[in-house]
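Predicted model follows, preceded by the sequence.
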Amino acid sequence: MKDKQYAVLGLGVFGSTIATTLSQYDCEVIAIDKDIACVERIADEVTKAVVANTTDLEQLRALGIGDIDVAIIAIGTHLEEAVLTTMNVKELGVPYIIAKAKNRQFSTILEKVGANRVIRAEKDMGVRVAKSLLRKSIVDLVELDEDYSLVEINAPVDWIGKSFQILNVRQVYHINVIGVKDNEDKMSLNIGANYIVKKGDRFFVIGKTDDLEKFDYYTK
C-alpha cells in the first residue's frame, strides 16, 4: 500500500505546523498559499511548496490535487476563500478533507460544502491533527497529563505470535501494557510474560505520549 499524500492549502501558523510536522515523519506534502513569503518560509521543509490561488479550480487541477489522499484547508479567517477552496478540493475528488474554522458558524458552513472534519484551533491543534493522521495501531488516545497518555492499540503485525517475554515492550518501546481485549471483547488485566499475542487483540497501554506516538509510527 502506498503512503498517503497530503496537501495543505493555506500556510499560516496552523497550516505550516501541519505541513512541517507531517514532513518530519517523511510524508509527501504539497503546501500551497497565494502569499510567496509563506511559501518560501517552508519550501525547504516540505516535498513541494507552490504559490497558487486555491479558489481557482484549474490551478489546483494542474497541481495534481485530485491525486491527493488528504487535504487540509487552513484558511480559517476568510470564509469565502475557505468555502471555495473546500468546494474545489471536493470537486477534484479528494477523499478526506479537513478544514480550519474560526467559529461555529464557519464550521457549519464548511461541513455543508464538503469538509469531513472541521478544526477550531491554532498551533497545538495543528501538531495533534498531523500526528492523528499518522496513527496506524492507536485506536484511541487519552492524555493523562502533559507528558503521559493511555492508549488503546490494535495488536501490531510484528507482535502477533510472539510472547511478551520475547517482545520485551517495556525495555524496547518504553511503554507498559496494562490490559487486553480479545476478539470477543473480553477484557483481562492479567497479562503475564508468557502471553502470546493473537490477531485481533487490542491492548491498553500507558507511556509517555511521545514514546507512544513514535512506537505507533515505526511499528507494523
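Happy to help now that I have it.

For the rest of this, base every contact and every neighbour count on C-alpha atoms.
OK.

Now do the same for the nearest residue to Glu28 once chain neighbours are set aside: its pLDDT.
What sits nearest to Glu28 in space, not counting adjacent residues and going by C-alpha to C-alpha, 6 or more residues apart in numbering, is Gln5, at 5.2 Å. Gln5 carries a pLDDT score of 95 in this model.

residue contacts, Gln5?
Gln5 is in contact with Cys27, Glu28, Val29, Ile68, Asp69, Val70, counting by C-alpha atoms under 8 Å, 6 or more residues apart in numbering.

Turn the residues you listed into TSV, including distance to Leu150, neighbour count and pLDDT.
Output for those, formatted as TSV (distance: C-alpha to C-alpha, whole Å; neighbours: other C-alpha atoms under 10 Å; pLDDT from 0 to 100):
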residue	distance to Leu150	neighbour count	pLDDT
Cys27	26	18	92
Glu28	29	19	95
Val29	30	25	97
Ile68	32	20	96
Asp69	29	16	96
Val70	27	21	96
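
How is the residue nearest the centre of the chain assigned, secondary-structure-wise?
Among the residues of the chain, Leu133 comes closest to the average C-alpha position under C-alpha atoms, centre = their mean, at 1.6 Å. Following DSSP: H, G, I helix; E, B strand; the rest coil, Leu133 is assigned to helix.

For Gln5, see how far away it is.
Separation of Leu133 from Gln5 (C-alpha to C-alpha, to the nearest Å): 11 Å.

same deal with Asp201?
Per C-alpha to C-alpha, Asp201 is found 29 Å from Gln5.

what does the domain assignment say about the chain?
Domains of the chain are assigned by automatic domain parsing as 5-134, 138-218.

contacting residues around the residue sitting furthest away from the middle of the chain?
No residue in the chain sits farther from the centre than Asn194, which is 34.1 Å out by C-alpha atoms, centre = their mean. Asn194 makes contacts with Ser163, Phe164, Gln165, as judged by C-alpha under 8 Å, 6+ apart.

Tell me how many other residues surround the last one.
Looking back up the chat, that one is Gln165. Applying other C-alpha atoms under 10 Å, we find 12 residues neighbouring Gln165.

any idea how far it is from Tyr195?
Plainly put, Gln165 is 8 Å away from Tyr195 if you go by C-alpha to C-alpha.

Which SSE is immediately downstream of the worst-scoring helix or strand of the chain on mean pLDDT?
Here the helix or strand of the chain ranked lowest by mean pLDDT, DSSP states H and E is helix 123-134, holding a mean of 67. Heading C-terminal from helix 123-134, the first helix or strand you meet, by DSSP states H and E, is strand 138-143.

who does that following strand touch, helix- and strand-wise?
Counting contacts by 3 or more C-alpha pairs under 8 Å, 6 or more residues apart in numbering; DSSP states H and E, strand 138-143 is packed against strand 148-154.

which parts of the helix or strand that comes right after the strand it packs on are buried?
Next helix or strand after strand 148-154 toward the C-terminus (DSSP H and E): helix 164-167. In terms of neighbour count (16 or more other C-alpha atoms under 10 Å), helix 164-167 has its buried residues at Phe164, Leu167.

chain center to helix 164-167, what's the gap?
Once both centres are worked out by C-alpha atoms, centre = their mean, to the nearest Å, helix 164-167 turns out to sit 29 Å from its chain's centre.
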